[in-house]
Every structure is written in structure tokens, then in C-alpha cells.
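Colleague: Give me coordinates for this.
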Amino acid sequence: MLLAPMPAVMCLLAGCSAHPRLAAAHGTPAPTPAAAGDDVLAPGVVHRAIPLGDGGVDLIDVDLARSHTRLTLQTQGIRLSSGSVVGRAYTPREWMEKTGGLAAVNGGYFGAEDVRGDKEFVGLLVQKGRVRHAAPPLLGQGSATVRRGRYVRSAFGLTRDGTPQITWAATRPGHPQDIAAYAAPMGRGVGDWRVGDAVGCGPTLIAQGRAVVTQYGERLVSPGPRARTFVAYDAPGGRPAHFVFGIASGADFYALAAFLIGYFPRHDGSRAGAAMCLDGGASTQMTYRLGGTVQSPRETGVPVPDALVLLPR
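Modeller: Sure thing, here's the model as predicted:
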């Protein structure tokens, strides 16, 4: 079942949610947000703090052609513990300091802590081309907003050459090392997804240059303004040229999607290609290195088993 579209915006994905702010984002292009502060972390890497609603957005903007950096998905000590796949857990600040990174945010969803203090991975996890935690399609019982049936969740991946990719993905039942990409949370498979590293999370905010919010289709409803980390990129000519990741405070999914639609045109008329949320709530943290000083727009002290860390090459 497709949700009814709001005026001036069509929701093409099963289980996606139309909203007036997304309609505005697809009408007259939103003005480029005025930056409250720009900090150059390295050539081609900029931190920006931008007001948004009652809060703001702190993001790291990476020029993929100019910067001598590479984005990584960091984990450590992956093992089985009482039938669960777990890994050592550190705060994003600790992940950054351990790896000598320029910036870091928390990664995907995680579960219980075991007796050694390691934490359970929840959702897809891929490292060096190997699936470390499988994530087959899930079964939803249906509701007023989305039909009953199998669904998959968003995933953020890095190809072997470091190109960022966002899609809906799941491992094939009975073949946990095979990953399929999907056209929508409850859509059809569109082929194999071949990535070097990947982490499942969600929901998707932007797909194929269109603002969508698939919280209902992915069964990840998290209403209201709260702290959320995110990843996004443009795609001029079909290949990302700029990648951003960061943290938004006081924003719901719709406000964040509309913000990102309005953000990318600052890059010579570029436009957002894809965006999704990472884990939110108490684990939502971000840290970066400015000169010799570590800055943390939000730090809660919650250790996480995986983090996105930007490293110098």
C-alpha cells in the first residue's frame, strides 16, 4: 500500500511517509543554509555548524576529489557470545583517538552488553567484503500505515575504493554471505550489493535525489525532534562528489531530510543523491579534531560497537 501523497510531492516507495516539509523541499529549491561557523579540518574537509529549528546541525563535509581522506567503518574484536555477534565498544571519541581519525560518529544499532562489556551488533554488518552479522528480510504484521509482509532496512556501505553507497539491503535467506539490494523497504530485489564494508541502520531520508522518509516501511518510527546522526552524499553524473556526515539536534526525520535537500546546492548547483539516519537517542554522538583540539558537539559517554571514522590517507 502506498501512502497518499501530499500536495506537490509524490511518495513512490512502499511505506514511505509524505510530509509538507518534503513537499516544500521539492518545490522551489530551498535557500542554501547560512553557515554559523566553518572550520577547515584538512584540505577538502570542512566542519560546519548550522542552525536548524530549535537546535542545529554539526556536519563534516568531505570533497571526495580534493581531500586526502578515507571514510572507514571501525569495529574491533568481533566474536560470538552466547549465540550473539558482539564487538568491543568505545565512544566515538575513543574510536577516533584509537585510529588517529579526523572525525567520528556512532554507527548502527546495537543490543545488549555481555559479561565482558562487548555489545551486540543488530542489523547488517560487513567488513572487508565479509558479512559478519547477517540481516535477512524481516516480517511485519502490518498496521494502518503499511501493509503486512517482508521488509528490509537501510544500509550504508563503502565500496572497495571507498565510494559511499546507501540502499535498502538484506542477506539472502540460507546464503548469509550474499547481500541483495532492494528498490524500497518492501520493494523488489534489484540485484547483488557488493560492498567492502557496510552497516545497517535507518531510516532512509533521501533516495535517487528525492526526499522520502521510510520510517514506517522500515518499522523504525521515532517521532518528534531528537538527536540523530546521519550520512548523505550528492551524485552528479551518478557518482558521489561530496559526502557529509554529522549530527542534528532538535530535528525530526522530515526536517532533517528537507535540510539536506537544501544543503547540497551550495556545491556548484549539486543536489542531494541519498541520505539515511544512523543510530539515534542516547548513543548519538559526534567528535572531530580541529588542529590539536578534539571537539564534541554531543558526547554522552555511551560506548558503541561500531563507528564511522574519517581517516587521513
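
Colleague: Kindly list the longest helix within the protein.
Modeller: Ordering each helix of the chain by length in residues (DSSP state H) puts helix 253-263 first.

Colleague: model confidence over that helix, on average?
Modeller: Mean pLDDT, helix 253-263: 95.

Colleague: Burial check on Thr171, number of neighbours?
Modeller: Neighbourhood size, Thr171 [other CB atoms under 10 Å]: 22. All C-beta atoms are positioned from the backbone trio N, CA, C, and that covers glycine.

Colleague: and if you look at Val302?
Modeller: 17.

Colleague: go on, the one 4 residues further on?
Modeller: A total of 31 residues lie near Asp306 under the criterion other CB under 10 Å.

Colleague: Next: Arg313.
Modeller: 7.

Colleague: Lys98: what secondary structure?
Modeller: Classification of Lys98 using DSSP: H, G, I helix; E, B strand; the rest coil returns helix.

Colleague: surely it meets Pro92?
Modeller: No. Contact between Lys98 and Pro92 fails when scored by CB atoms under 8 Å: they sit 10.7 Å apart.

Colleague: Show me the helices in the stretch 51-200 of the chain, by range?
Modeller: Using DSSP state H, counting those that start in this stretch, the helices of the stretch 51-200 of the chain run over residues 92-99.

Colleague: returning to that earlier point: quick one: the longest helix of the chain to chain centroid distance?
Modeller: 13 Å (CA atoms, centre = their mean, to the nearest Å).

Colleague: What mean pLDDT does stretch 199-210 get?
Modeller: pLDDT averaged over stretch 199-210 gives 96.

Colleague: buried residues in it?
Modeller: Residues 199-207, 210 are the ones in stretch 199-210 that count as buried (16 or more other CB atoms under 10 Å).

Colleague: Need those residues in TSV (columns: distance to Pro164).
Modeller: Converted to TSV, these look like this (distance: CB to CB, whole Å):
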residue	distance to Pro164
Val199	12
Gly200	15
Cys201	14
Gly202	15
Pro203	17
Thr204	14
Leu205	14
Ile206	13
Ala207	14
Arg210	18
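
Colleague: In strands, which of those fall?
Modeller: Counting by DSSP state E, the buried residues of stretch 199-210 place 199-201, 204-207, 210 in strands.
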